[in-house]
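Colleague: need a 3D model of the sequence below.
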Amino acid sequence: MTFVSYAQNLEDVILWRALKDVTEGFYIDVGAWDPREDSVTLAFYERGWRGINVEPDPAKHAALERERPGDINLRVALAEAAGTRPFYVFPGTGWSTLDPAIARRHKDAGHSYEEQFVQLSRLADICELHAPADIHFLKIDVEGAEAAVLAGADLKRHRPWIIMIEATLPNSPSESHAEWEGMVLGAGYQFAYFDGLNRYYVAQERAEQLLPSFSRPPNVFDDFISISILQRALHYHDVQPGINELEDRFRSLRGELEQHFSRQRNEDDSRHQEMLRAAEARAREAEQRAIDAELRARLAEADVGRAPLPQAVESRATRVEALPMASSGGPVREVFYDAGLILWFGLRPPVGIVRVEQYVAELLAREPGISLRFIAYDQERRAYRYLSDEEQTQINSILFERYRAVEVKAEEPQAGTEPAAAMPETAIPPSFTRRVLNVSRMSPEQFDEFLARSLGRRLPISSQQSRWGRLGKRVVRRSAAAGSRIAYGVLRTTIGPLRAGRQALAHLARADVHTQALPSANDLDAKTQTVLTDTVAFKPGDTLITIANTWDYMDYGYLTDVVRKDGVRLVSVIYDVIAMEMPFTTPASLHIYHRHWVELGHLSSHLVAISRHSLDTYHRFIGEPNDLDPPMSYAYLPNFLHERREEIGEKPVPELMGRRFVVFCSTIETRKNHQLLLHAWERLRQQVSPEELPILVFVGGWGWGTETVRLLSERNWRLRDHLRILNKISDAELIWLYRNADFTTFPALSEGFGLAAAESLSFGTPVIVADCPALIEASEGLMPAIDPLDVPGWVAELRRVITDPAYMAELRSRAAQYRGVGYNEFAYAIRDAVLKESEATTSPAGKQPHA
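Modeller: All right, here's what the predicted structure looks like:
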């Protein structure tokens, strides 16, 4: 059962780890404050424990009496002797204190207090009157009076198993244990752990039993959730009905807007409509011709010295043809490439598997002997389909114009001719709702610019047109502009407030992906409509390449029919089988991933793993238990950024210029182990001067299972100056980060390869990695490798790298020995598998898929 933590600094998580086998235990909480808020003992109380709560604040003592009837609640303060003393109460805070100097400091900072007299008692007397023989833990949080409490204790007679004492000055990170720690150690206790706020001690007679529980900070293996995170989740659940109501109102407004746009279109003159349709058709044809010409030129440039390119692109068939085999005169292989993930990701900077997909597709599109046809899996029809013209245009833009805007130059205009509009970046046509929302976000100036650009592209005017043609287009432009401005005004006054209310209620804020609206499906010609609805008709001997992990959507029954009935050869990629080793590191149930890997083993003609480790673990966890032995090979991923650095360029990150920093580039999720670095940096903050300690930079989006990382990064204000989380970084900025970092890190619990480690070394920057085999492969065994659960080991290594210039120079020298792999190696492994399986298909004894 998941442990709910109520404590401010996760103290109850550590104590529960050590004492969870104790039933009906007993605690003493000196300075208990509130029965719920930041309580160290509430989780234990809910599990049947009972104890003594010492709290002199009258309001808080009353709350304890009300909510903790099973506890002994004492309204006294503890000191070295009995008596009375002034007590300074700061209402609504945990700062109330017996120390007048501390009270004055809080008052000087602008906080008021109430002075009351409180009864004093000794901890030894309270234990004598109320405590049983076994006190399982004693917690002391008394805002500067720790020494007085300990002076009144008899720790040789009453021996708590664990003592936890707040060990910093009030409201400060400065440690304060020197004044009183000797009393604890002299009573036969052993120091166990410091969590940044408290020091923990265990009785020497129980050290062997308890000390191992204090070897690491709270982590994912403790299976806990913070009460603050749980409350946010419950709050979201409570407001969901209100969100649904707003969505119903939004759908109603959308219907009204659709009716408004429909009426506006019907009011247009039929002659204007005909001219607009004709202009759009000509614009689409001109854009497609320009794209085809550009692609032919690029493919020809890449294959200088080979035979001329015959019909490089057949856009209506949505395929990219490669050059025929010039050297051997062999047949051109028909190969289908699942490009669904490429289309879904669009024109955003590629990461992870998307980058691999784009890279393989680009190189295979240029490969002689392969006729590459891009397709996508349709979840509604549960079958592969051909791409539309717009999707094929997007594929071309992504593969061949990734790092610069697509600019197709038209013929030089004659005098008096307006230049044709530049071809826009394209994407999958967004839904009507998305287009409406995008327009509603524009300022009036942005909308006017967008409107002028759109009308100029759809209705170009040149001197080659007749006078009446130019006049007609200008009339259409002005009419369309007037109607659009009316609709824009309606959008700004209705959708804006609705969106703001919905976002405030749901606590959601999403950044828009920049897209350009394309002609709707209704405007496409009949031939394109046929392409959009056609499913792929596979033939015996065809090859299907799937680079992405398809477990989220693939119908494996359909895929089995494609392979076994249609005679298609399947070539796929194994990135890792980490879910089999560490099922707690994946968001979905294990069986989803297991079935995917088993189905690939049954159906694939060849599998390419991204490392030797991935290949070995596939055999161990999937192949051997399921009696599968598919043909497999492995090839390492190339260093994409380094290989294309001149093309991509380099862009500084302004907030890090002139600063020392350390980079960890990875999606933020459980398996990547970001929490280890946060714990390590907290420890380093206490050991290394602020000027010497580099900034820890996380580069990557938020994934799943991030509660611990969010808590550690949001609550630890002491790390604020030494932590940056960059979620939206371009390739050019990432190159700058790799080149300018002191070093990088990769502490993941497990990996299939570890591309970020290899990329760091390709730029000559050292990297400290976890000791999993794939990361050692990726770093060629050149870099320090440490157990990803060994926080002290990481702290020691990081401190050495940060503070020892000679050791840093040694690591940079080792990094210079890194060689990496050729840019084409992984794509050629896919190519070789395709050509090999195609040859097997055409031979008399062609190999069949695995049973």
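Colleague: how much space separates L590 from Q686?
Modeller: According to CB to CB, to the nearest Å, L590 and Q686 sit 40 Å apart. Backbone N, C-alpha and C define where each C-beta goes, glycine included.
Colleague: just L138 next, same as before
Modeller: 25 Å.
Colleague: and V663, by the same measure?
Modeller: From V663 to Q686 the distance is 22 Å (CB to CB).
Colleague: quick one, which of these two is more surrounded?
Modeller: Using other CB atoms under 10 Å, the more surrounded residue of V663 and Q686 is V663, with 28 against 12.
Colleague: quick check on that one: phi, psi?
Modeller: Per-residue torsions, V663: phi -110, psi 140 (degrees, to the nearest 10).
Colleague: need the pLDDT of it.
Modeller: V663 carries a pLDDT value of 98.
Colleague: mind listing what it touches?
Modeller: 697, 699, 737-738, 741, 744-745, 760 (CB atoms under 8 Å, 6 or more residues apart in numbering).
Colleague: any of those buried? List them.
Modeller: With burial judged by 16 or more other CB atoms under 10 Å, the buried subset of these is 697, 699, 737-738, 741, 744-745, 760.
Colleague: nearest to D832 among those residues?
Modeller: D832 lies nearest to S760 out of those, by CB to CB, at 28.9 Å.
Colleague: distance of the closest one relative to R68?
Modeller: Distance from S760 to R68, by CB to CB: 53 Å.
Colleague: could you do E780 as well?
Modeller: E780 is 59 Å from R68, by CB to CB.
Colleague: same drill for these two, tell me which one is more crowded.
Modeller: Ranked by neighbour count (other CB under 10 Å), E780 and R68 place R68 first, with 21 against 17.
Colleague: so who does the more buried one touch?
Modeller: 35, 45, 53.
Colleague: helix, strand or coil: sort out the last one for me.
Modeller: Applying DSSP: H, G, I helix; E, B strand; the rest coil to N53 yields a three-state assignment of strand.
Colleague: which residue packs closest to it, ignoring adjacent ones?
Modeller: Nearest residue to N53, sequence neighbours excluded (CB to CB, 6 or more residues apart in numbering): A32, at 3.9 Å.
Colleague: now that neighbour: how far from V40?
Modeller: In terms of CB to CB, A32 sits 8 Å off from V40.
Colleague: so, low pLDDT: which residues of the stretch 501-650 of the chain?
Modeller: 501-533 (pLDDT under 70).
Colleague: again, but for the stretch 351-500 of the chain
Modeller: Looking along the stretch 351-500 of the chain with the criterion set at pLDDT under 70, you get 402-459, 461-465, 467, 483-485, 487-488, 490-500.
Colleague: check the stretch 701-850 of the chain too.
Modeller: In the stretch 701-850 of the chain, residues with pLDDT under 70: 837-850.
Colleague: which parts of it are strands?
Modeller: Taking DSSP state E, counting those that start in this stretch, the strands of the stretch 701-850 of the chain run over residues 723-726, 743-746, 767-770, 785-786.
Colleague: V13 is nearest to which of those?
Modeller: strand 723-726 (21.6 Å).
Colleague: just give the strands next to that closest one in its sheet, each with its orientation.
Modeller: Sheet pairing for strand 723-726, assigned by DSSP bridges, gives strand 695-699 (parallel).
Colleague: return the distance of the strand it pairs with from the chain's centre.
Modeller: Relative to the centre of its chain, strand 695-699 is centred 14 Å away, using CA atoms, centre = their mean, to the nearest Å.
Colleague: list the contacts of that strand.
Modeller: Here strand 695-699 has contacts from 656, 659-666, 668, 674, 677-678, 681, 719, 721-726, 729, 734, 737, 741, using CB under 8 Å, 6+ apart.
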